[in-house]
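Q: next one to model:
(chains A and B)
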Protein chains: 2
Amino acid sequence: MISIDAMGGDHGPSVVIPAVAQALSALPPNVRVLLHGDEAVLAPEIARLPALAARTELRHAERVIGNDEKPAQALRRSKGTSMWNAVEAVREGRATAALSAGNTGALMAISKLLLRMSADLERPALVASLPNPRGFTTFLDVGANVDCDAERLIEFAIMGEAFHRAAHGVARPTVGLLNVGSEEMKGHEEVREAHRILREGGLSLNYKGFVEGDDLTGGAVDVVVTDGFTGNVALKAMEGAARFMKAELKTALTANLTGTIGAALARPSLRRFSERLSPPPAAPLLGLNGMVLKCHGGAGVTDYAHAVRVAVDLARSDFSGEIEENMRRLPSAMAEQGQRPAEGGV
Amino acid sequence: MISIDAMGGDHGPSVVIPAVAQALSALPPNVRVLLHGDEAVLAPEIARLPALAARTELRHAERVIGNDEKPAQALRRSKGTSMWNAVEAVREGRATAALSAGNTGALMAISKLLLRMSADLERPALVASLPNPRGFTTFLDVGANVDCDAERLIEFAIMGEAFHRAAHGVARPTVGLLNVGSEEMKGHEEVREAHRILREGGLSLNYKGFVEGDDLTGGAVDVVVTDGFTGNVALKAMEGAARFMKAELKTALTANLTGTIGAALARPSLRRFSERLSPPPAAPLLGLNGMVLKCHGGAGVTDYAHAVRVAVDLARSDFSGEIEENMRRLPSAMAEQGQRPAEGGV
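A: Numbers count the residues shown, from 1 in each chain, chains lettered A, B, ... in the order given. A predicted model of the protein is given here:
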């Protein structure tokens, strides 16, 4: 059972209902959904789609959290909203994953409050999947934690590695730390300290050292770790660059007749290219006792349906056990590192 | 006269010599170059190109700075290297700009030592030009300063604005501060403090507030300011994304016959598209008493020739006067801000 905030996102039920119907039609018949939101709006929509209605449970929610509400403010009045109820269903064990396209900060705060952090983790991380020539790069944190010390970065490495294994079936994912160069003395203190601990602290990670911005889509490592400020900026910069390139390509291909004919012939290829580069529709919040996914606020029906399928896939896997195993090693790794003299450094 | 480190970069003279010849052939006959490097290598190469030889002065340099040398170490033994001599020619007034594709950190250190900072600026910033639908985005710092406080970010805004006006002829360039959201309470302390000062401090800047990663190629503002860590990662992430997209596009277009025919017809359009997205070949170091440009280490002949033309263009403009004017306003702007109670905050 997947628990869905049917009111979240820029378009609300007008996207969510047809998207859920589309996703379910391609999923095994035992997959069911729990929809949260305004019954007066949702019930008639669901009734019009019998195939959806047969696999849906509707739970009325009085209120919706606004996209622009500040997290702390939203949290205070969040009980009984469609988002709160969607996450609560995971806590109560009635659903294996929750999905919302609503306010990111509020979703983090509600999830942390209701589900609590797994093991000794401090804060959830938002993870993105980027295409690379070999498959996908797991990239975190992409915006949940603006200020990060070395310990946060190491937590991200642990969570990201376990997530990558669960999501992509790679036995020993490689991990890299994002920096401005590959040399030991580069980067700021937090990054260099995290590097020392990851390299020597005895965590069970396949750590490969520093990577740079172009390695995100280059596929140098499976998991790239950074703070939420850098991660959010880099992710959006790449999304913007992809959008800009698609627009430029369209302009270039329609500038003259032969180009236009060529583009028409190449249309199916160009469409596959475009799909391959679409931003990931759903970003899981890692580190919680339960699965919560954030769908992009502006997602259309196709993207939202994809997000539902991702939620179902991830709900089947289990990576919290692996996260806990590595977290148990963390305190001794940090202590060992503390006893050693700092190396290198500028 | 442009002063060129002929030994710098991954390829050295084998790229620099033909590139300079190519650039000069498209520039007014009064533009001349001063080439620095090993006479035994350079003299025969120059002699083979009479059109180049007629407009070139060769100055022998004993040594070359290695690409992997640490800046502090490189600086100690830098006197008399081709890079040192290239910058020294600007200080001595014999050249209007220096260009090198060598070690970035060493180039910064040598430039700061020989030319000194302009006005009361603390450190040089490395600036990149990104394409956007309206023209170009000036983006800084892209790697010269890893740790930045609010004052550094404000200096970047001042330098970037003056640079954009000089380089692109925009009378009142708009300026934005890179952040993870547009709301006042978002981002870390340094960014929020710089935002308060830029908004209220009485600097003569057309400041528009926070921008996000996708605004870099979206064209929301003319100048985007960030710290050197975030800027370097974002720039390389976009370069990597562009490279990945080009490779994927090629794969998609050659996957089947109609796609291949279509791509062949559209080839000139695709080439224009690719050129439009090429990374900027030369990044000026801003804030110095003199013009120094860093060319990408891996630049080929076409890119390096482009970099020479950029150097000539920029050497004609004068933006240090404007930087100094705004810098004189900075101390009072900082003081005014200090007297006010901090607003907003988390």
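Q: use CA for all of it now, contacts and neighbours both
A: Fine.
Q: so which residues of the stretch 151-300 of chain A form strands?
A: A:174-178, A:206-211, A:223-225, A:282-286, A:291-295 (DSSP state E, counting those that start in this stretch).
Q: so which elements touch the last one?
A: Using 3 or more C-alpha pairs under 8 Å, 6 or more residues apart in numbering or on different chains; DSSP states H and E, the elements in contact with strand A:291-295 are strand A:97-100, helix A:104-115, strand A:282-286, helix A:301-316.
Q: which residues are in contact with the longest one?
A: Which is helix A:301-316. A:2, A:15-16, A:18-20, A:22-23, A:27, A:96-99, A:166-167, A:281-282, A:291, A:293, A:295 (C-alpha atoms under 8 Å, 6 or more residues apart in numbering or on different chains).
Q: pull out the buried residues from the host helix or strand of A:Asn85.
A: Assigned by DSSP states H and E, A:Asn85 belongs to helix A:82-91. Residues of helix A:82-91 classed as buried: A:82-91 (neighbour count, 16 or more other C-alpha atoms under 10 Å in any protein chain shown).
Q: which parts of the stretch 101-250 of chain A sit against chain B?
A: When proximity is defined by C-alpha under 8 Å from any C-alpha of the partner chain, the stretch 101-250 of chain A lies next to chain B at A:132-133, A:143, A:146-147, A:178-180, A:187-188, A:212-218, A:229-230, A:232-242, A:244-245, A:248-249.
Q: try it again at 7 Å.
A: The stretch 101-250 of chain A comes close to chain B at residues A:146-147, A:180, A:187-188, A:212-218, A:229-230, A:232-234, A:236-241, A:244, A:248-249, as judged by C-alpha under 7 Å from any C-alpha of the partner chain.
Q: what subset of those is buried?
A: Neighbour-count burial (16+ other C-alpha under 10 Å) applied to those gives A:146, A:180, A:187-188, A:212-218, A:229-230, A:232-234, A:236-241, A:244, A:248-249.
Q: where among the strands of the stretch 151-300 of chain A is the average confidence lowest?
A: Per-stretch mean pLDDT for those is lowest at strand A:282-286 (a mean of 88).
Q: pull up the pairing partners for that one, direction included.
A: Partners of strand A:282-286 in the sheet, by DSSP bridges, are strand A:125-132 (antiparallel), strand A:291-295 (antiparallel).
Q: now the helices: where do they sit in the stretch 51-200 of chain A?
A: A:71-76, A:82-91, A:104-115, A:150-168, A:189-200 (DSSP state H, counting those that start in this stretch).
Q: next, the buried residues of the first one.
A: Burial within helix A:71-76, assessed by neighbour count using 16+ other C-alpha under 10 Å, is assigned to A:71, A:74-75.
Q: turn these into TSV, including pLDDT and distance to A:Leu257.
A: Formatted as TSV, the buried residues of helix A:71-76 follow (pLDDT from 0 to 100; distance: C-alpha to C-alpha, whole Å):
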residue	pLDDT	distance to A:Leu257
A:Pro71	79	52
A:Ala74	86	54
A:Leu75	88	56
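Q: return only those of these found close to chain B.
A: Among these, proximity to chain B is found for none (C-alpha under 7 Å from any C-alpha).
Q: and the next helix or strand past the helix or strand harbouring A:Leu35?
A: In this structure, A:Leu35 sits in strand A:33-37 according to DSSP H and E. Counting by DSSP H and E, the element after strand A:33-37 in chain order, helix or strand, is helix A:39-47.
Q: give me the angle between that next one and strand A:33-37.
A: Relative orientation of helix A:39-47 versus strand A:33-37 (axes from the mean of the first three to the mean of the last three C-alpha atoms, to 10 degrees): 150 degrees.
Q: which residues are contacting helix A:39-47?
A: With contacts defined as C-alpha atoms under 7 Å, 6 or more residues apart in numbering or on different chains, helix A:39-47 is touched by A:52-53, A:60.
Q: at 8 Å what do you get?
A: Counting by C-alpha under 8 Å, 6+ apart, residues outside helix A:39-47 touching it are A:13, A:17, A:52-53, A:58-61.
Q: would you mind measuring from A:Val170 to A:Val310?
A: 17 Å (C-alpha to C-alpha, to the nearest Å).
Q: could you do A:Ala26 as well?
A: Counting by C-alpha to C-alpha, the gap from A:Ala26 to A:Val310 is 12 Å.
Q: so for these two, which sits in the more crowded spot?
A: A:Val310 (20 against 10; other C-alpha atoms under 10 Å in any protein chain shown).
Q: tell me the pLDDT of that one.
A: 88.
Q: also A:Ala335?
A: What the model reports for A:Ala335 is a pLDDT of 67.
Q: and for the closest residue to chain B within the stretch 151-300 of chain A, the neighbour number?
A: Nearest to chain B in the stretch 151-300 of chain A, going by C-alpha to the nearest C-alpha, is A:Gly262, at a distance of 3.6 Å. Applying other C-alpha under 10 Å, we find 23 residues neighbouring A:Gly262.
Q: that one contacts B:Pro268, correct?
A: No: in this structure A:Gly262 lies outside contact range of B:Pro268 using C-alpha atoms under 8 Å: 10.6 Å.
Q: most tightly packed of the strands of the stretch 151-300 of chain A?
A: Neighbour counts (mean count of other C-alpha atoms under 10 Å in any protein chain shown) averaged over each of the strands of the stretch 151-300 of chain A peak at strand A:223-225, with a mean of 30.
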